[in-house]
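In: my questions are about this predicted structure, shown below with the sequence.
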Amino acid sequence: MSAPAAPASTTAAPAPDLVATVVRLKLSLLRNGLRQSSGRRAAYVASAVLTLVFAALLLLGLVALRGHAHAVSLVVLLVAVFAVGWAVMPLFFPGGDETLDPTRLVMLPLRPLPLVRALLVASLVGIGPLLTLLVLAGSVVAVAHGAAAWTVGVLAVALGLLVCVALARAVAAANIRLLTSRKGRDLAVLSGLVIAVGVQFVNFGVQRLGSSGLGELDPTAAVLRWLPPASAVGAVHSVSEGDYGVAAAQLAVSAAALALLVTAWARSMTRLMTSPDGSTLQAAEPAAQKRRGRAGPARLLPGGRTGTVMERSLRYVWRDPKTKAAWVTSLAIGLIVPVFNALQGTGSIYFACFAAGMLGIQMYNQFGQDTSAFWMVAMTISSTRDAYDELRARALALLLITLPYATAVTVLTTALLGDWAKLPEVLGLSLALLGAMLATGAWTSARFPYSIPQEGYKNVAPGQAGLAWIAVFGGMVSAALLCAPVIAVTIWLNVSEGGDAWTWLLLPGGAVYGAGVTLLGLRLAAPRTASRLPEILSAVSKG
């Protein structure tokens with residue numbers, strides 16, 4: 001008689017903690033990302049060290065501000081600026097945190113609310129949350145006085161940090177369909193503009209505060225202390241002043257904001273995880289539009305190879321993310337540097353030449369933006385004349401944007417400084433510099449081409465960084481040397497007696513000189529381009 005079978009175990013394995021699982025997932029994503037390359041590890045370590053150093057200095061500055069009459073105005077504004085940064089970060093850097101996209105978890109049996117809690121905790125892992133935590137802690141130290149204020153300060157730090165990370169998550173979840181599309185990823189090209197403008201505004205504000213004091217911030221702080229998460233820090237100051245009712249209302253504002261953000265986040269996540277994704281559906285296109293010629297402004301371009309190449313180059317500027325990023329950054333910095341210096345009263349009218357210099361850089365590495373598709377361009381070049389026509393058309397496409405923009409920046413800078421007498425010579429210098437950069441850009445495009453990777457944020461393929469440095473900085477130095485005759489004439493007319501009466505000649509002279517140098521550069525670059533087509537194709541195809 002056989003022994004009875006042992007009863008099957010009915011004890012189920014304990015379900016894993018979702019919060020711990022998502023946190024481990026966040027750490028694994030970070031660790032695996034750093035394993036991809038030594039360059040990425042070095043960049044992460046360097047950024048972490050710089051962030052920690054900046055956070056430590058900022059923390060020490062906030063602690064040193066303790067006891068200042070206007071300390072609360074500064075810390076409230078600082079916390080509000082950090083909250084704005086958390087709100088816009090997912091829009092301009094959607095790939096910075098892969099857990100920002102909840103659609104990656106749509107196939108898992110997870111409910112939205114538990115997933116919200118887990119992702120909120122996972123959001124606290126990283127350099128950004130640590131920096132925000134230190135800023136909030138320093139802000140509390142700067143305004144807290146008394147045991148009650150310190151107690152409220154602990155709650156304010158936790159509440160402020162949660163509001164910041166929930167704000168980033170809610171914004172990302174509400175816009176994730178857009179951010180994961182091609183057009184949405186193009187938003188990242190505006191990051192250079194936002195950073196450049198933001199730095200100039202910060203610089204302008206610091207100079208203004210240095211001359212007038214922190215009292216200038218009081219009217220703004222009076223409003224911001226009621227907006228989350230700055231209201232949480234404002235509550236600490238209110239407790240220090242004995243206004244317990246005001247402090248309770250300010251904490252309630254931040255707590256209500258956190259609840260609303262989490263609710264909006266959960267609703268967006270529910271909609272994302274239950275609605276179909278139509279982003280891959282092919283939009284029906286009328287047959288009449290599938291085969292069409294030039295339309296709109298493109299009809300104004302010249303015919304033949306010149307017009308075709310110009311249209312292709314302009315389409316790169318409008319549609320290619322890397323090319324668009326370079327152009328947006330150059331346009332922004334070319335305007336910001338002269339205009340902001342003029343507004344601060346410390347600028348020179350000659351800073352207007354910065355716009356021509358920044359835009360002239362776009363002529364460098366013309367074939368790199370074609371990547372491996374350059375073989376189609378190479379198939380159409382069978383002689384030096386073809387190469388010359390190709391380079392000339394690319395230069396003309398660049399001039400369509402650069403000439404009016406550089407002129408507008410020069411006129412605007414002149415208007416802000418009120419020095420209209422120098423407008424002709426500055427505009428002539430800008431045109432000469434632009435021509436010199438077009439000439440050197442055409443030559444370096446043929447001599448030092450390099451690939452621009454289509455994925456990621458790098459603008460140079462691995463192993464080609466040296467070529468990029470040589471092409472850009474070598475070309476800029478060469479362009480400055482080519483402009484030496486015009487610069488020398490400008491200096492001579494300004495220092496010689498009676499020379500001011502002839503400075504207007506620098507405008508036509510600079511224009512003629514720039515055009516002549518450009519044509520000479522194109523003539524010299526054309527035979528080199530025609531003879532190095534295989535080498536150029538190999539160089540630009542490495543990305």
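Out: Perfect, I can see it now.

In: ok, and the closest non-adjacent residue to residue 162?
Out: Excluding the flanking residues, the one nearest residue 162 by C-beta to C-beta, 6 or more residues apart in numbering is residue 258, at 5.6 Å. For the C-beta atoms, the positions are set from N, CA and C on the backbone; glycine is no exception.

In: what's the burial count for that neighbour?
Out: 22 (other C-beta atoms under 10 Å).

In: tell me how far residue 303 lies from residue 495.
Out: Distance, residue 303 to residue 495, by C-beta to C-beta, to the nearest Å: 49 Å.

In: can you give me the helices in the stretch 151-300 of the chain?
Out: Along the stretch 151-300 of the chain, counting by DSSP state H, counting those that start in this stretch, helices occupy 182-185, 191-212, 218-224, 230-240, 244-274, 287-290.

In: which strands and helices lie in contact with the fifth one?
Out: This points to helix 244-274. helix 112-122, helix 147-179, helix 230-240 (3 or more C-beta pairs under 8 Å, 6 or more residues apart in numbering; DSSP states H and E).

In: domain-wise, how is this protein divided?
Out: Listed domain ranges for the chain are 18-181+214-273, 301-540 (source: automatic domain parsing).

In: next SSE downstream of the worst-scoring helix or strand of the chain on mean pLDDT?
Out: Lowest mean confidence among the helices and strands of the chain (mean pLDDT, DSSP states H and E): helix 287-290, at a mean of 43. Downstream of helix 287-290, the first helix or strand assigned by DSSP states H and E is helix 304-319.

In: next structured bit after that next one?
Out: Heading C-terminal from helix 304-319 (DSSP H and E), you reach helix 321-343.

In: residue 47 contacts residue 128, doesn't it?
Out: No: between residue 47 and residue 128 there is no contact under C-beta atoms under 8 Å: 10.6 Å.

In: ok, the two, which is more surrounded?
Out: More crowded of residue 47 and residue 128, by other C-beta under 10 Å: residue 128, with 20 against 11.

In: remind me what the helix or strand containing the more buried one packs against, helices and strands.
Out: Taking DSSP H and E as the criterion, residue 128 maps to helix 127-143. Packing partners of helix 127-143 (3+ C-beta pairs under 8 Å, 6+ apart): helix 38-64, helix 71-92, helix 147-179, helix 230-240.

In: other SSEs contacting the longest one?
Out: When you say that, I think you mean helix 147-179. Applying 3+ C-beta pairs under 8 Å, 6+ apart, one finds that helix 147-179 makes contact with helix 71-92, helix 112-122, helix 127-143, helix 182-185, helix 230-240, helix 244-274.

In: what do you get for the last one?
Out: The contact analysis (3+ C-beta pairs under 8 Å, 6+ apart) places helix 230-240 against helix 71-92, helix 127-143, helix 147-179, helix 244-274.

In: how about the longest one: buried residues?
Out: By that I understand helix 147-179. Within helix 147-179, the residues scored as buried using 16 or more other C-beta atoms under 10 Å are 149, 152-153, 155-157, 159-177, 179.

In: okay but residue 445 is in contact with residue 367, surely?
Out: Yes: assessed by C-beta under 8 Å, residue 445 is found in contact with residue 367 at 5.8 Å.

In: can I get the helices and strands packed on helix 147-179 in a markdown table with mean pLDDT?
Out: Formatted as a markdown table, those follow (pLDDT from 0 to 100):
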| stretch | mean pLDDT |
| --- | --- |
| helix 71-92 | 84 |
| helix 112-122 | 83 |
| helix 127-143 | 90 |
| helix 182-185 | 57 |
| helix 230-240 | 91 |
| helix 244-274 | 88 |
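
In: before we move on, the earlier item: correct me if wrong: the residue nearest to residue 162 contacts residue 161.
Out: No: under the criterion of C-beta under 8 Å, residue 258 makes no contact with residue 161, lying 10.2 Å away.

In: once you drop chain neighbours, what's closest to residue 238?
Out: In space, and not counting its chain neighbours, residue 238 is closest to residue 247: 3.8 Å by C-beta to C-beta, 6+ apart.

In: OK, contacts around that neighbour?
Out: The contact partners of residue 247, by C-beta atoms under 8 Å, 6 or more residues apart in numbering, come to 152, 235, 236, 238, 239.

In: re the thing from before, give the contact list for the residue nearest to residue 162.
Out: Listed by C-beta under 8 Å, 6+ apart, the contact set of residue 258 reads 159, 162, 163, 166, 228.

In: out of those, the closest to residue 410 would be?
Out: residue 228 (44.3 Å; C-beta to C-beta).

In: what separation do you get for the closest one and residue 464?
Out: Where residue 464 is concerned, residue 228 sits at a distance of 47 Å (C-beta to C-beta).

In: good, we can wrap up now.
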